[in-house]
Every structure is written in C-alpha cells, then in structure tokens.
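**Student:** Have a look at this prediction, sequence included:
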Amino acid sequence: MHVDAGLIDMLCLWWRYESQYNPVRGYGSDCPSTRGYQASRQYDDYNSALETDMRGREARDIGFIVHGIAEPYRTALHLLARNRVTGSNVWRSARLPDDREECAAITSEALNIFAQLVR
C-alpha cells in the first residue's frame, strides 16, 4: 500500500495538538495569569496568529475523525503519530498485537479508514 505522506502529517499535527507535546524541558507553555489571552489580529501578516488558530482548528477536526474510528484502529493511528512525532519506534499498546506484521496490517487498515474519512 502506498501511504500518502499528507495523511501521516495530519495525524502528527493532531497528536502534537492533543498531547500538547513540547520536547523542550523547562517551564510550562502558558502562564496562569495570562491563560486565555488571545493576540490582536491587527498585525496578523507579521505574527501569524490567524494561521496558528487555523492549524489548531484543523488539528481539532482531525481529532474528531480519529476519535470516531473504532478500536484497535484508533490506537494504531495514535501510536503511529506518537512514534513519528517523537522520532522513535518504541511506543506500544496492549490493545495491539505483539507481532509486528499483525500490528503493521492493523496500522495499514487504520490508515485506509482514516483516508476514506478525511477525503
């Protein structure tokens, strides 16, 4: 099966958004005193705030699609995205078979289901 790289990119965008993945250790990504603050839209051509909001909505919509997919396919998509974003292939789930070929077959079918729902 030929996998469209755009589908995996969409899953990675969703996983980063949903997990609030931040590979940098240190302080949190938001301040309690400014939580909920939204940037002004008057300089959007300079600060890309509108584009960031649009990407967030796109990620949220992808999440609605993924969460509507039945198990074990949803878990396969989640692990595929997590492994791609983190750059490792170590994440596993008890919901998926231990056999790599069986797991790959489920992941392939999950990508097919996701592709049909996205288009």
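**Tutor:** Received, thanks. Numbers count the residues shown, from 1 in each chain.

**Student:** So residue 109 is in contact with residue 73, correct?
**Tutor:** Yes - here residue 109 reaches residue 73: they are 6.4 Å apart, a contact under CB atoms under 8 Å. All C-beta atoms are positioned from the backbone trio N, CA, C, and that covers glycine.

**Student:** Those two: which is more packed in?
**Tutor:** Set side by side, residue 109 and residue 73 show more neighbours around residue 73, with 19 against 14, by other CB atoms under 10 Å.

**Student:** who touches residue 113 in this structure?
**Tutor:** 69, 73 (CB atoms under 8 Å, 6 or more residues apart in numbering).

**Student:** Apologies, that question was intended for residue 17.
**Tutor:** Shown in contact with residue 17 (CB under 8 Å, 6+ apart): 55, 56, 59, 60, 63.

**Student:** just checking, the third one touches residue 16?
**Tutor:** Yes - in terms of CB under 8 Å, residue 59 counts as a neighbour of residue 16; the distance is 7.4 Å.

**Student:** residue boundaries of the helices in the protein?
**Tutor:** For the chain, helices defined by DSSP state H occupy the ranges 5-19, 44-47, 49-67, 73-86, 100-118.

**Student:** mind giving me JSON lines with those and columns for mean pLDDT?
**Tutor:** JSON lines is the format used below for the helices of the chain (pLDDT from 0 to 100):
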{"stretch": "helix 5-19", "mean pLDDT": "88"}
{"stretch": "helix 44-47", "mean pLDDT": "65"}
{"stretch": "helix 49-67", "mean pLDDT": "87"}
{"stretch": "helix 73-86", "mean pLDDT": "92"}
{"stretch": "helix 100-118", "mean pLDDT": "92"}
